[in-house]
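Undergrad: Okay, here's the prediction I keep looking at, along with the sequence it came from:
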Amino acid sequence: MPATHKDDTNHKNLYSKTDIFLVNFVSSGLAAALSKTATAPLERVKLILQTGALKSENPALKKHGLYQTVRYLVIKQGFLALWRGNTLTVAKAVPSQALLFSFQDFYRHIIFSNEPGLSKQKSTMYSLFAGGLASGTVIGITYPFYFCQNIVSSHVGKIESARFSNIKGCISETKSNVGHIGLYRGFCVTSIAVILNRALYFGMYEFLKQSSVKDGNSSMSRWISAQIASLVATSVSYPIETVGRLMIMGVFQQPRMKKSVWNHFKDTYQKEGLKSFFGGFYVNMLRSVSGAIVLVVHEDLFSFIIDMLNEAT
(Lines give C-alpha, C1' and ligand atoms only; values in the text may rest on other atoms or scores of the structure.)
Protein backbone atom coordinates (compact mmCIF):
# COMPACT_ATOMS: atom_id res chain seq x y z
CA MET A 1 0.00 0.00 0.00
CA PRO A 2 1.57 3.23 -1.11
CA ALA A 3 0.53 5.10 1.96
CA THR A 4 2.85 3.17 4.20
CA HIS A 5 6.20 3.06 2.48
CA LYS A 6 9.16 3.36 4.72
CA ASP A 7 10.26 6.66 3.22
CA ASP A 8 6.86 7.65 1.83
CA THR A 9 7.19 11.28 2.94
CA ASN A 10 10.44 11.65 0.98
CA HIS A 11 8.76 10.23 -2.11
CA LYS A 12 6.03 12.84 -1.89
CA ASN A 13 8.62 15.60 -1.54
CA LEU A 14 10.76 14.44 -4.46
CA TYR A 15 8.03 13.72 -6.99
CA SER A 16 4.80 15.35 -8.11
CA LYS A 17 1.43 13.84 -7.30
CA THR A 18 1.09 12.83 -10.95
CA ASP A 19 4.43 10.99 -10.85
CA ILE A 20 3.42 9.10 -7.70
CA PHE A 21 0.02 8.26 -9.22
CA LEU A 22 1.66 6.83 -12.36
CA VAL A 23 4.25 4.82 -10.42
CA ASN A 24 1.45 3.40 -8.28
CA PHE A 25 -0.51 2.57 -11.43
CA VAL A 26 2.36 0.64 -13.04
CA SER A 27 3.58 -1.21 -9.93
CA SER A 28 0.14 -2.29 -8.73
CA GLY A 29 -0.96 -3.28 -12.24
CA LEU A 30 2.05 -5.57 -12.69
CA ALA A 31 1.56 -7.05 -9.23
CA ALA A 32 -2.10 -7.77 -9.96
CA ALA A 33 -1.38 -9.44 -13.32
CA LEU A 34 1.24 -11.75 -11.82
CA SER A 35 -0.75 -12.75 -8.74
CA LYS A 36 -4.07 -13.23 -10.57
CA THR A 37 -2.51 -15.47 -13.20
CA ALA A 38 -0.75 -17.55 -10.53
CA THR A 39 -3.99 -18.16 -8.62
CA ALA A 40 -6.41 -18.26 -11.59
CA PRO A 41 -7.43 -21.93 -11.11
CA LEU A 42 -8.44 -21.21 -7.51
CA GLU A 43 -10.31 -18.10 -8.62
CA ARG A 44 -12.34 -20.09 -11.15
CA VAL A 45 -13.11 -22.99 -8.80
CA LYS A 46 -14.12 -20.54 -6.08
CA LEU A 47 -16.51 -18.74 -8.45
CA ILE A 48 -18.10 -22.03 -9.58
CA LEU A 49 -18.61 -23.20 -6.00
CA GLN A 50 -19.88 -19.78 -4.92
CA THR A 51 -22.56 -19.62 -7.63
CA GLY A 52 -23.44 -23.33 -7.54
CA ALA A 53 -22.79 -23.62 -11.29
CA LEU A 54 -21.59 -27.23 -11.05
CA LYS A 55 -24.67 -28.27 -9.08
CA SER A 56 -26.88 -26.80 -11.78
CA GLU A 57 -24.89 -28.45 -14.59
CA ASN A 58 -24.57 -31.88 -12.96
CA PRO A 59 -26.88 -32.33 -9.93
CA ALA A 60 -26.10 -36.07 -9.90
CA LEU A 61 -22.67 -35.37 -8.41
CA LYS A 62 -22.78 -36.22 -4.71
CA LYS A 63 -19.97 -33.85 -3.82
CA HIS A 64 -19.11 -30.46 -5.24
CA GLY A 65 -15.86 -29.62 -3.48
CA LEU A 66 -12.47 -28.41 -4.67
CA TYR A 67 -11.26 -31.80 -5.92
CA GLN A 68 -14.53 -32.71 -7.65
CA THR A 69 -14.73 -29.34 -9.38
CA VAL A 70 -11.13 -29.41 -10.63
CA ARG A 71 -11.54 -33.01 -11.84
CA TYR A 72 -14.80 -32.20 -13.60
CA LEU A 73 -13.33 -29.15 -15.36
CA VAL A 74 -10.20 -30.97 -16.52
CA ILE A 75 -12.24 -33.88 -17.92
CA LYS A 76 -14.85 -31.68 -19.57
CA GLN A 77 -12.73 -28.78 -20.79
CA GLY A 78 -9.06 -29.78 -20.48
CA PHE A 79 -6.30 -28.72 -18.08
CA LEU A 80 -5.86 -25.23 -19.52
CA ALA A 81 -9.55 -24.59 -18.86
CA LEU A 82 -8.58 -23.98 -15.24
CA TRP A 83 -7.38 -20.62 -16.54
CA ARG A 84 -10.60 -19.99 -18.50
CA GLY A 85 -11.67 -16.41 -17.93
CA ASN A 86 -8.22 -15.38 -16.70
CA THR A 87 -7.77 -12.96 -19.59
CA LEU A 88 -10.93 -11.20 -18.45
CA THR A 89 -9.77 -11.42 -14.84
CA VAL A 90 -6.46 -9.77 -15.69
CA ALA A 91 -8.20 -7.25 -17.97
CA LYS A 92 -10.31 -6.32 -14.96
CA ALA A 93 -7.70 -6.76 -12.24
CA VAL A 94 -4.85 -4.77 -13.78
CA PRO A 95 -6.75 -1.49 -14.19
CA SER A 96 -8.74 -2.24 -11.01
CA GLN A 97 -5.69 -2.79 -8.82
CA ALA A 98 -3.69 -0.07 -10.51
CA LEU A 99 -6.50 2.46 -10.11
CA LEU A 100 -7.35 1.16 -6.63
CA PHE A 101 -3.87 1.70 -5.21
CA SER A 102 -3.47 4.95 -7.09
CA PHE A 103 -6.81 6.37 -5.97
CA GLN A 104 -6.28 5.05 -2.44
CA ASP A 105 -2.99 6.91 -2.34
CA PHE A 106 -4.64 9.97 -3.90
CA TYR A 107 -7.54 10.10 -1.45
CA ARG A 108 -5.37 9.45 1.57
CA HIS A 109 -2.57 11.89 0.77
CA ILE A 110 -4.52 14.57 -1.07
CA ILE A 111 -7.81 14.75 0.81
CA PHE A 112 -6.29 13.96 4.22
CA SER A 113 -2.91 15.64 3.84
CA ASN A 114 -3.69 18.58 6.13
CA GLU A 115 -2.86 16.67 9.32
CA PRO A 116 0.86 15.92 9.62
CA GLY A 117 2.07 13.49 12.26
CA LEU A 118 -1.09 11.39 12.37
CA SER A 119 -1.65 9.02 15.29
CA LYS A 120 -1.89 5.30 14.59
CA GLN A 121 -5.66 5.40 15.11
CA LYS A 122 -6.20 8.31 12.70
CA SER A 123 -3.84 6.84 10.14
CA THR A 124 -5.76 3.56 10.24
CA MET A 125 -9.10 5.34 9.95
CA TYR A 126 -7.92 7.46 7.03
CA SER A 127 -6.64 4.36 5.26
CA LEU A 128 -10.02 2.71 5.83
CA PHE A 129 -11.93 5.68 4.38
CA ALA A 130 -9.49 6.10 1.50
CA GLY A 131 -9.71 2.40 0.65
CA GLY A 132 -13.50 2.59 0.59
CA LEU A 133 -13.56 5.72 -1.57
CA ALA A 134 -11.01 4.25 -3.98
CA SER A 135 -12.87 0.95 -4.36
CA GLY A 136 -16.16 2.75 -5.00
CA THR A 137 -14.50 4.77 -7.75
CA VAL A 138 -12.87 1.74 -9.37
CA ILE A 139 -15.84 -0.65 -9.30
CA GLY A 140 -17.93 1.88 -11.22
CA ILE A 141 -15.28 2.06 -13.96
CA THR A 142 -14.54 -1.67 -14.31
CA TYR A 143 -17.86 -3.37 -13.48
CA PRO A 144 -18.61 -4.63 -17.05
CA PHE A 145 -15.33 -6.61 -16.89
CA TYR A 146 -16.40 -8.06 -13.53
CA PHE A 147 -19.82 -8.94 -14.96
CA CYS A 148 -18.37 -10.75 -18.00
CA GLN A 149 -15.70 -12.54 -15.99
CA ASN A 150 -18.43 -14.06 -13.81
CA ILE A 151 -20.43 -15.27 -16.81
CA VAL A 152 -17.46 -16.73 -18.74
CA SER A 153 -15.66 -18.37 -15.79
CA SER A 154 -18.77 -20.03 -14.36
CA HIS A 155 -19.47 -22.10 -17.48
CA VAL A 156 -18.75 -25.74 -16.58
CA GLY A 157 -20.06 -27.56 -19.66
CA LYS A 158 -18.12 -28.30 -22.82
CA ILE A 159 -16.21 -25.34 -24.23
CA GLU A 160 -18.11 -25.66 -27.51
CA SER A 161 -21.43 -25.16 -25.72
CA ALA A 162 -20.34 -21.96 -23.99
CA ARG A 163 -22.66 -19.03 -24.63
CA PHE A 164 -19.61 -16.88 -25.36
CA SER A 165 -15.93 -16.92 -24.48
CA ASN A 166 -14.81 -13.31 -24.58
CA ILE A 167 -15.85 -9.89 -23.35
CA LYS A 168 -17.01 -8.72 -26.78
CA GLY A 169 -19.49 -11.58 -27.11
CA CYS A 170 -20.66 -11.19 -23.52
CA ILE A 171 -21.27 -7.45 -23.80
CA SER A 172 -22.95 -7.77 -27.21
CA GLU A 173 -25.40 -10.50 -26.15
CA THR A 174 -26.14 -8.87 -22.81
CA LYS A 175 -27.01 -5.58 -24.50
CA SER A 176 -29.20 -7.30 -27.10
CA ASN A 177 -31.04 -9.36 -24.46
CA VAL A 178 -31.49 -6.99 -21.53
CA GLY A 179 -30.07 -3.68 -22.70
CA HIS A 180 -27.07 -1.68 -21.52
CA ILE A 181 -28.36 -1.71 -17.94
CA GLY A 182 -27.88 -5.48 -17.88
CA LEU A 183 -24.11 -5.01 -17.75
CA TYR A 184 -24.60 -3.47 -14.31
CA ARG A 185 -26.83 -6.23 -12.91
CA GLY A 186 -25.97 -6.66 -9.22
CA PHE A 187 -23.87 -3.49 -9.23
CA CYS A 188 -25.25 -2.00 -5.99
CA VAL A 189 -24.81 -5.21 -3.99
CA THR A 190 -21.37 -5.87 -5.44
CA SER A 191 -20.29 -2.29 -4.78
CA ILE A 192 -21.23 -2.61 -1.11
CA ALA A 193 -19.23 -5.85 -0.86
CA VAL A 194 -16.20 -4.39 -2.64
CA ILE A 195 -16.18 -1.11 -0.70
CA LEU A 196 -16.54 -2.97 2.60
CA ASN A 197 -13.80 -5.41 1.63
CA ARG A 198 -11.33 -2.78 0.45
CA ALA A 199 -11.97 -0.45 3.38
CA LEU A 200 -11.27 -3.25 5.88
CA TYR A 201 -8.39 -4.51 3.74
CA PHE A 202 -6.50 -1.22 3.68
CA GLY A 203 -7.47 -0.14 7.20
CA MET A 204 -6.46 -3.39 8.87
CA TYR A 205 -3.25 -3.67 6.85
CA GLU A 206 -2.24 -0.19 7.96
CA PHE A 207 -3.06 -1.01 11.58
CA LEU A 208 -1.18 -4.33 11.57
CA LYS A 209 1.88 -2.81 9.90
CA GLN A 210 2.08 -0.05 12.45
CA SER A 211 1.57 -2.58 15.24
CA SER A 212 4.63 -4.55 14.10
CA VAL A 213 7.27 -2.91 16.26
CA LYS A 214 10.08 -5.15 15.05
CA ASP A 215 10.74 -5.76 11.35
CA GLY A 216 7.53 -3.93 10.47
CA ASN A 217 8.87 -3.18 7.00
CA SER A 218 10.29 -6.61 6.16
CA SER A 219 8.62 -8.46 3.28
CA MET A 220 7.62 -11.34 5.57
CA SER A 221 6.07 -9.05 8.17
CA ARG A 222 4.18 -7.15 5.50
CA TRP A 223 3.02 -10.40 3.85
CA ILE A 224 1.65 -11.73 7.16
CA SER A 225 -0.12 -8.43 7.83
CA ALA A 226 -1.53 -8.43 4.30
CA GLN A 227 -2.66 -12.06 4.62
CA ILE A 228 -4.54 -11.40 7.85
CA ALA A 229 -6.10 -8.22 6.44
CA SER A 230 -7.18 -10.04 3.27
CA LEU A 231 -8.74 -12.96 5.16
CA VAL A 232 -10.68 -10.78 7.61
CA ALA A 233 -11.92 -8.39 4.91
CA THR A 234 -13.05 -11.27 2.69
CA SER A 235 -14.81 -13.08 5.54
CA VAL A 236 -16.95 -10.04 6.30
CA SER A 237 -17.84 -9.16 2.70
CA TYR A 238 -18.18 -12.69 1.26
CA PRO A 239 -21.95 -13.22 1.84
CA ILE A 240 -22.76 -9.91 0.12
CA GLU A 241 -20.41 -10.74 -2.75
CA THR A 242 -22.12 -14.12 -3.19
CA VAL A 243 -25.54 -12.51 -3.66
CA GLY A 244 -24.07 -10.05 -6.16
CA ARG A 245 -22.59 -12.89 -8.20
CA LEU A 246 -25.86 -14.85 -8.12
CA MET A 247 -27.69 -11.78 -9.40
CA ILE A 248 -25.25 -11.61 -12.31
CA MET A 249 -25.73 -15.31 -13.08
CA GLY A 250 -29.49 -14.80 -13.33
CA VAL A 251 -29.28 -12.18 -16.06
CA PHE A 252 -30.04 -14.68 -18.87
CA GLN A 253 -32.54 -16.83 -16.97
CA GLN A 254 -35.94 -17.35 -18.51
CA PRO A 255 -38.59 -16.40 -17.62
CA ARG A 256 -37.04 -13.12 -16.55
CA MET A 257 -38.36 -12.01 -13.15
CA LYS A 258 -37.71 -8.78 -11.31
CA LYS A 259 -36.60 -9.48 -7.76
CA SER A 260 -35.53 -7.08 -5.07
CA VAL A 261 -32.14 -7.37 -3.41
CA TRP A 262 -33.90 -8.54 -0.25
CA ASN A 263 -35.61 -11.35 -2.19
CA HIS A 264 -32.24 -12.44 -3.56
CA PHE A 265 -30.85 -12.66 -0.02
CA LYS A 266 -33.96 -14.52 1.16
CA ASP A 267 -33.90 -17.01 -1.73
CA THR A 268 -30.20 -17.68 -1.18
CA TYR A 269 -30.78 -18.32 2.53
CA GLN A 270 -33.67 -20.70 1.84
CA LYS A 271 -31.43 -23.01 -0.19
CA GLU A 272 -29.05 -24.19 2.54
CA GLY A 273 -29.18 -21.53 5.22
CA LEU A 274 -26.04 -19.52 5.98
CA LYS A 275 -23.99 -22.14 4.15
CA SER A 276 -25.42 -20.83 0.87
CA PHE A 277 -23.62 -17.52 1.36
CA PHE A 278 -20.22 -19.17 1.86
CA GLY A 279 -19.93 -21.54 -1.11
CA GLY A 280 -16.26 -21.90 -2.04
CA PHE A 281 -15.16 -19.86 0.95
CA TYR A 282 -12.35 -22.23 1.94
CA VAL A 283 -11.04 -22.07 -1.63
CA ASN A 284 -11.21 -18.31 -1.38
CA MET A 285 -9.08 -18.46 1.77
CA LEU A 286 -6.38 -20.14 -0.30
CA ARG A 287 -6.92 -17.63 -3.09
CA SER A 288 -6.59 -14.72 -0.66
CA VAL A 289 -2.85 -15.38 -0.80
CA SER A 290 -3.14 -13.51 -4.10
CA GLY A 291 -4.46 -10.43 -2.34
CA ALA A 292 -1.60 -10.49 0.15
CA ILE A 293 0.92 -10.95 -2.65
CA VAL A 294 -0.52 -7.94 -4.50
CA LEU A 295 -0.02 -5.68 -1.49
CA VAL A 296 3.56 -6.75 -0.82
CA VAL A 297 4.71 -7.01 -4.45
CA HIS A 298 3.15 -3.63 -5.20
CA GLU A 299 5.08 -2.00 -2.35
CA ASP A 300 8.35 -3.59 -3.45
CA LEU A 301 7.78 -2.64 -7.09
CA PHE A 302 6.85 0.89 -6.04
CA SER A 303 10.11 1.26 -4.11
CA PHE A 304 12.09 -0.35 -6.94
CA ILE A 305 10.70 2.07 -9.55
CA ILE A 306 11.27 5.05 -7.25
CA ASP A 307 14.89 3.92 -6.70
CA MET A 308 15.38 3.63 -10.48
CA LEU A 309 14.02 7.15 -10.94
CA ASN A 310 16.35 8.43 -8.23
CA GLU A 311 19.36 6.84 -9.92
CA ALA A 312 18.31 8.22 -13.31
CA THR A 313 18.21 11.74 -11.92
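TA: That came through fine.

Undergrad: When you work out contacts or count neighbours from here on, use the C-alpha atoms and nothing else.
TA: Fine.

Undergrad: Ala98 against Phe21, yeah?
TA: No. The pair Ala98 / Phe21 is not scored as a contact, 9.2 Å apart, by CA atoms under 8 Å.

Undergrad: Looking at those two, which is more packed in?
TA: With neighbours defined as other CA atoms under 10 Å, Ala98 and Phe21 compare such that Ala98 has more, 25 against 20.

Undergrad: State the distance from the more buried one to Lys168.
TA: Distance of Ala98 to Lys168, computed by CA to CA, to the nearest Å: 23 Å.

Undergrad: Ala40 too?
TA: Remark: distance between Ala40 and Lys168 (CA to CA) = 21 Å.

Undergrad: More neighbours: the two, which one.
TA: Comparing Ala40 with Lys168 by neighbour count (other CA under 10 Å), the higher total belongs to Ala40, at 21 against 11.

Undergrad: Give me the local confidence score for that one.
TA: Reported pLDDT at Ala40 in the predicted model: 86.

Undergrad: Likewise for Gln50?
TA: Gln50 carries a pLDDT score of 90 in this model.

Undergrad: burial count for it?
TA: When neighbours are counted by other CA under 10 Å, Gln50 registers 26.

Undergrad: OK, contacts around the closest residue to it other than its chain neighbours?
TA: Nearest non-adjacent residue to Gln50, counting by CA to CA, 6 or more residues apart in numbering: Gly279, 4.2 Å away. Residues near Gly279 by CA atoms under 8 Å, 6 or more residues apart in numbering: Lys46, Leu49, Gln50, Thr51, Gly52.

Undergrad: Next, work out how far apart the last one and Leu200 are.
TA: I take that to be Gly52. 27 Å.

Undergrad: neighbour count winner among these two?
TA: With neighbours defined as other CA under 10 Å, Gly52 and Leu200 compare such that Leu200 has more, 26 against 18.

Undergrad: if I look at the more buried one, how far off is Met220?
TA: Using CA to CA, one obtains 21 Å as the distance from Leu200 to Met220.

Undergrad: cool, Leu54 as well?
TA: Taken as CA to CA, the span from Leu54 to Met220 is 37 Å.

Undergrad: same deal with Ala193?
TA: Taken as CA to CA, the span from Ala193 to Met220 is 28 Å.

Undergrad: State the mean pLDDT of the helix or strand containing Ser127.
TA: According to DSSP states H and E, Ser127 maps onto helix 120-153. In this model, helix 120-153 has a mean pLDDT of 83.

Undergrad: again, but for stretch 261-268
TA: For stretch 261-268, the mean per-residue pLDDT is 88.

Undergrad: Work out the gap between it and the centre of the chain.
TA: Stretch 261-268 sits 23 Å away from the centroid of its parent chain (CA atoms, centre = their mean, to the nearest Å).
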